[in-house]
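> how would this look folded up:
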Amino acid sequence: MSKSYYITTPIYYVNASPHIGHAYTTIVADVLARYHRMIGEKTFFVTGTDEHGDKIAEAAQKAGVTPQEYADKISAQFRALCPELAITNDYFIRTTDASHIETVRYILQKVYDAGDIYFGSYGGYYCFGCERFLTEKEIVDGKCPEHGREPKYIEEKNYFFKMSKYQKWLIDHIKDNLEFIRPERYRNEALAFLRDPLEDLCISRPKSRLEWGITLPFDENYVTYVWFDALINYVTALGYPDGEKFKTFWPVAEHLIAKDILKPHGIYWPTMLKSAGIEPYQHLNVHGYWNSDQSKMSKSLGNIVRPLDLKDKYGLDAFRYFLLRDMVFGLDSNFSEEAFVQRLNSDLANDLGNLVSRTITMAVKYCDGKVPQIDRKKRDSVLYDAALNAVAEVKSSFRGMTLHKALIAIWDFINVTNKYIVENEPWTLGKDPANKEKLTLIMYNLLVALRSIAILLMPFMPQTAEKILRQIGADQSDKRDLASINKEDSLTAGSLLIREESLFPRISQEKDLSHASVKNNSVINLKPEIDYAEFAKVDLRVGEILTAEAVPKSSKLIKLKVDIGEERTIVAGIAKDYTPTELIGKKIVIVANLKPAKLMGVESYGMLLASDTENGLTVLTFDREPKKGAKIR
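Model prediction:
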């Protein structure tokens, strides 16, 4: 009986469009799913969207649409991202799905009937960003450390889950199962949470305050707390309680999350499962943040990196490779386009791209454009041993969730193969017909090495792997799994070799990196010079966008209310590049002393600054938190 494997991403909250953090988590899950399919395991991969709660209702209201309409729009963006990033998910779940709503109500009733839910009053500091009450220890300098805002004191009657009842059980379970939460730093963090008495969890919101949620099965006046709703998706997707998929895949469940949602997944979810009589998941795999200029990417800071921008500019597999190679799973990593291009040029263009290009070119020349026939008893062991070493390292890396090490091992193999070419000098052997047999063997060894490299790369860079296999004459019937690496019949003699364009053209950083002052490497047409006194007349200020709405009958204009120490209305022509929701909370630069102008009937008292990119306009923001109204110097 084949083994099974179940991998989930967190379901992504639809209060904002997808960014590089979402892309990373989903790509890691895809790599894991592809690998486990490749080693013959029955695999199920789930991603999706989390669509209820305060923030969705608030965002929908600001956008002037219903919560369902708003959720439909953003969820569609996440769904569309999957094929764009070559994601092979088996199921896309939404918390507004009828099947999910039914499952949530079923589990709520089950936990209620078990006596683990009670009605009571509670007063505490509520963070609308986290959508939960914060403990005193979690509040730093009067603010939520995650969102930088002061929580609001709320006192109301609600339903509570007896989470405290399961504290000792959870501590024992984590200590008895050291791989339950990994890497180790996050297991220790979860245990640190549990050193203090665990409070019961408020699991409802009164409809008088929030209607956008799943109604409790035992009280029509309340909706479910968003986390008690969202976490249940992992069993809904498997057809809990009676589905065959649930029986097959839940015992091997692997959750993949970012570190900011460790507490709900590491504390709330196991206790919820225990109360509902469901065995806990197998592993919780926790990764760090992608930072920009050492700061966590966030919508409010304006330092979001859009995954499709990079994919379209540099290619999908280069994007996937960079994310997987440059983040040590569990630690934070810093993103910069310069580092991306350096990695592309060094690893992909120089090491891999050159290896494939020159191997195919020589094989076409010296082997009449076909995979040669050889005496397999005379095969050179250097490349075969290197391939087996790479396979062993890759297997170990997947077991330990150290995907960057898997890629390092593959590149060690690539480097050995490049060295093999240098040491054997096929171009020299090709000058003397007497070397024909030796040269043919060398070329066969290199072609087999390319096949092994392609198979090892398939989970990470599927398009590149297929291109390599196509060039060496491997057809779709070729068994592409780790067990087939180094087999004697791994290549069919006589198969046509195909020489194609370079896999990864080298990027000239001076030419191709986008900068605010240069577009498409064209000559900058500077305006006439001005002196300082003239420039000093311009009053540039920091403004925070409070509200944003589309200007009726205009496809370009957005009406903004901006706080620069006083409130201003500004009309900006950025509707093709930003939705109103994306702009709210941004700190921007505005020209504060510009004469008022009327645009489409709306009076505008200033101008925001923006710049061209390869994919439209970007508003100018800051790499540190500025003061509202501060003068730009």
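> Buried residues, stretch 32-46. List them.
Of the residues in stretch 32-46, Leu32, Ala33, Arg34, Tyr35, His36, Arg37, Met38, Ile39, Thr43, Phe44, Phe45, Val46 count as buried by neighbour count, 16 or more other C-beta atoms under 10 Å. The way it works is simple: take the backbone N, C-alpha and C, and place the C-beta from them, glycine included.
> outside of it, which residues touch it?
2-9, 29-30, 88-93, 233-234, 237-238, 245, 248-249, 254, 256, 398, 455, 458-459, 462, 480-483 (C-beta atoms under 8 Å, 6 or more residues apart in numbering).
> try stretch 72-85
So stretch 72-85 is contacted by 12, 14-18, 22-23, 26-27, 30, 47-49, 51, 65, 87, 89, 92, 94, 307-308, 311, 316, 319-320 (C-beta under 8 Å, 6+ apart).
> circling back: which members of the buried residues of stretch 32-46 are the farthest-apart pair?
Using C-beta to C-beta, these reach their maximum pairwise distance at Ile39 and Val46, which is 19.7 Å.
> which stretches of the stretch 351-500 of the chain form helices?
354-366, 381-400, 403-424, 426-429, 436-457, 462-471 (DSSP state H, counting those that start in this stretch).
> For those helices, state which one has the densest average packing.
Of the helices of the stretch 351-500 of the chain, the one with the most neighbours on average (mean count of other C-beta atoms under 10 Å) is helix 436-457, at a mean of 22.
> pLDDT (mean, whole number) over that one?
Across helix 436-457, pLDDT averages out at 94.
> So which other helices or strands are in contact with it?
helix 354-366, helix 381-400, helix 403-424, helix 426-429, helix 462-471 (3 or more C-beta pairs under 8 Å, 6 or more residues apart in numbering; DSSP states H and E).
> What is the neighbour count of the nearest residue to Val538 once chain neighbours are set aside?
Of all residues not flanking Val538 in the chain, Val591 sits nearest, at 6.2 Å (C-beta to C-beta, 6 or more residues apart in numbering). Burial of Val591 is recorded as 15 neighbouring residues (other C-beta atoms under 10 Å).
> Next up, the contacts around Val591.
Val538, Asp539, Leu540, Gly606, Met607, Leu608, Leu609.
> Report the contact partners of the third one.
Read it as Leu540. Val589, Ile590, Val591, Ala592, Leu609, Lys631, Ile632.
> Stretch 218-231: which residues count as buried?
In stretch 218-231, counting by 16+ other C-beta under 10 Å, buried: Tyr222, Val223, Thr224, Tyr225, Val226, Trp227, Phe228, Asp229, Ala230, Leu231.
> Quick check: the closest residue to the fifth one other than its chain neighbours vs Ala434, distance?
Counting by C-beta to C-beta, 6+ apart, the nearest residue to Val226 once its immediate chain neighbours are dropped is Gly53, at 3.7 Å. When distances are taken as C-beta to C-beta, to the nearest Å, Gly53 and Ala434 turn out to be 76 Å apart.
> more neighbours, the two?
More crowded of Gly53 and Ala434, by other C-beta under 10 Å: Gly53, with 26 against 9.
> what's the pLDDT at that one?
88.
> Report the contact partners of it.
Tyr13, Glu131, Leu210, Trp212, Gly213, Val226.
> Can you get me a residue count around the residue nearest to Thr66 when sequence neighbours are not counted?
Closest residue in space to Thr66, ignoring its immediate chain neighbours: Ala60 at 6.1 Å, by C-beta to C-beta, 6+ apart. Neighbour count of Ala60, defined by other C-beta under 10 Å: 22.
> Surely Ala60 touches Pro67?
Yes: the pair Ala60 / Pro67 is scored as a contact, 4.4 Å apart, by C-beta atoms under 8 Å.
> Now for those two: what residues contact both?
Contacts common to Ala60 and Pro67, judged by C-beta under 8 Å, 6+ apart, are Trp212.
> still on that earlier bit, out of the contacts of Val591, who's nearest Val341?
Of all the contacts of Val591, Val341 sits closest to Leu609, with 26.4 Å by C-beta to C-beta.
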